[in-house]
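Peer 1: generate a structure from the sequence data that follows.
(one chain, ligands or ions: 1)
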Amino acid sequence: MYKIIDGKAVSAKVKEEVRLEVEKLIESGIKPGLAVVIVGDDSASRVYVNNKKKDCAEVGIISEEYALPAETTQEELLNLVETLNNRNDINGILVQLPLPKHLDEKAVIEAISPIKDVDAFHASNVGKIMIGDYVFLPCTPAGVMEMLKSENIEICGKNCVVIGRSNIVGKPMAMLLLHQNGTVTICHSRTKDLKAVCLSADILVAAVGIPKFVKADMVKEGAVVVDVGMDRDENGKLCGDVDFAEVADKTSFITPVPGGVGPMTRAMLMKNTLMAAKIQNNII
Ligand code: GUN
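Peer 2: Just a heads-up that it's a prediction; the model follows:
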């Protein structure tokens, strides 16, 4: 019998902890602030940004949205980032990705002050994650770790397989599991015999972006399966990278979509913004 790791419940707990700390900060005269920048009219990005603003309101963080038109130039965007870097009342800066094609995402990320980079995408923060000396953890991998912790799932010595090698999820996910002494393998589109590698996993993290990609014959009996996917099935319904209906019975723990990793990512963003406010006010 498997157990579902309830991302909504775990994220509510994280957010409540953040809310209490924010309350204390506000009492001491510090109001944490997050700037969220969205360029163009990508509908998924719009939903994500609205959710982030909702989370801020819930935990007491001030959010400012900058919704820029799709034709925004690189210079205009960089100027906005610079202005936000210089504002003391803005502790975190998040530029929602993807950006329209004519904009240079990498240059924009690098323009964000590393101490305000609550996504932990800046090369300086990525480097810190590599050496295990981090300030901000990338929100999705950190959320996954929090979910595993909530069920006391041991990582030390376990075979951990991450499917997907993105900078946002796959690579930092592998690193966090490695820091907890997991034996980590990263799989990708060129991996030979992906099924065999996945079958070796005690902990399998799917972050490929392909609906229902992970099937029952890829999962070891009793494995922990974490689904980072936010995909649409053939009927346009939200689903994950894991075929939950056929995989769940083989697992010991599994995360659902929706209600799994998604809410955790959002909660960890709140935690990072709180952390940014504390650092910038010399509280840590
Ligand atoms: N687009 C999809 N996920 C993310 C995220 O975590 N942060 C940002 N900035 N953009 C995203």
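Peer 1: and the residue nearest to Val39 when sequence neighbours are not counted, how far is that from the ligand?
Peer 2: Once flanking residues are discounted, Val39 sits nearest to Leu68: 4.6 Å by CB to CB, 6 or more residues apart in numbering. Glycine gets a C-beta too; all of them are placed from N, C-alpha and C. Counting by CB to the nearest ligand atom, to the nearest Å, the separation of Leu68 from the ligand is 14 Å.
Peer 1: starting at the chain centroid, how far to the helix or strand hosting Asn272?
Peer 2: If you go by DSSP states H and E, Asn272 is part of helix 261-280. In this view, helix 261-280 has its centroid 10 Å away from the chain centroid, taken as CA atoms, centre = their mean, to the nearest Å.
Peer 1: report the buried residues of that helix.
Peer 2: Neighbour-count burial for helix 261-280, counted by 16 or more other CB atoms under 10 Å, picks out 261-278, 280.
Peer 1: helices or strands up against that helix?
Peer 2: Here helix 261-280 touches helix 7-27, strand 33-39, helix 43-59, strand 92-95, helix 139-150, going by 3 or more CB pairs under 8 Å, 6 or more residues apart in numbering; DSSP states H and E.
Peer 1: contacts for the second one?
Peer 2: Right, strand 33-39. 45-46, 49, 52-53, 56, 61-70, 72, 77, 80-81, 84, 89-96, 99-100, 103, 118, 269, 273, 277 (CB atoms under 8 Å, 6 or more residues apart in numbering).
Peer 1: now, of the residues you listed, which are buried?
Peer 2: Once neighbours are counted (16+ other CB under 10 Å), the buried part of these comes down to 45, 49, 52-53, 56, 61-64, 66, 68, 72, 77, 80-81, 84, 90-96, 99-100, 103, 118, 269, 273, 277.
Peer 1: now the angle from the helix holding Asn272 to helix 7-27?
Peer 2: Relative orientation of helix 261-280 versus helix 7-27 (axes from the mean of the first three to the mean of the last three CA atoms, to 10 degrees): 20 degrees.
Peer 1: give me the angle between helix 261-280 and helix 139-150.
Peer 2: Using the same axes, to 10 degrees: helix 261-280 against helix 139-150 is 100 degrees.
Peer 1: list the contacts for Phe213?
Peer 2: Ile163, Ala206, Gly229, Asp241, Val242, Asp243.
Peer 1: could the residues you listed go into TSV alongside pLDDT, secondary structure and neighbour count?
Peer 2: Formatted as TSV, the contacts of Phe213 follow (pLDDT from 0 to 100; DSSP: H, G, I helix; E, B strand; the rest coil; neighbours: other CB atoms under 10 Å):
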residue	pLDDT	secondary structure	neighbour count
Ile163	98	strand	30
Ala206	98	strand	31
Gly229	98	coil	25
Asp241	98	coil	25
Val242	98	strand	34
Asp243	98	coil	19
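Peer 1: ok, so of the residues you listed, who is nearest the ligand?
Peer 2: Distances from the ligand to the contacts of Phe213, taken as CB to the nearest ligand atom, are shortest for Gly229 (12.3 Å).
Peer 1: I'd say the closest one and Leu238 touch.
Peer 2: No: contact criterion CB atoms under 8 Å: Gly229 and Leu238 do not qualify, at 9.5 Å.
Peer 1: intersection of neighbour lists for those two?
Peer 2: Joint contacts of Gly229 and Leu238 (CB under 8 Å, 6+ apart) are Val257.
Peer 1: leaving out the residues flanking it, which one is nearest to Ile4?
Peer 2: Ile4 sits nearest to Pro256 (CB to CB, 6+ apart), 5.6 Å away.
Peer 1: contacting residues for that neighbour?
Peer 2: The contact partners of Pro256, by CB under 8 Å, 6+ apart, come to Ile4, Asp6, Gly7, Asp227, Gly240, Phe244.
Peer 1: top of those by number of neighbours, please.
Peer 2: Gly240 (31 neighbours; other CB atoms under 10 Å).
Peer 1: nearest residue to that one in space, please, no chain neighbours.
Peer 2: Using CB to CB, 6+ apart, the nearest residue to Gly240 is Val257, at 3.2 Å.
Peer 1: same check on Ser252?
Peer 2: Ser252 sits nearest to Gly222 (CB to CB, 6+ apart), 4.9 Å away.
Peer 1: many thanks, we can stop here.
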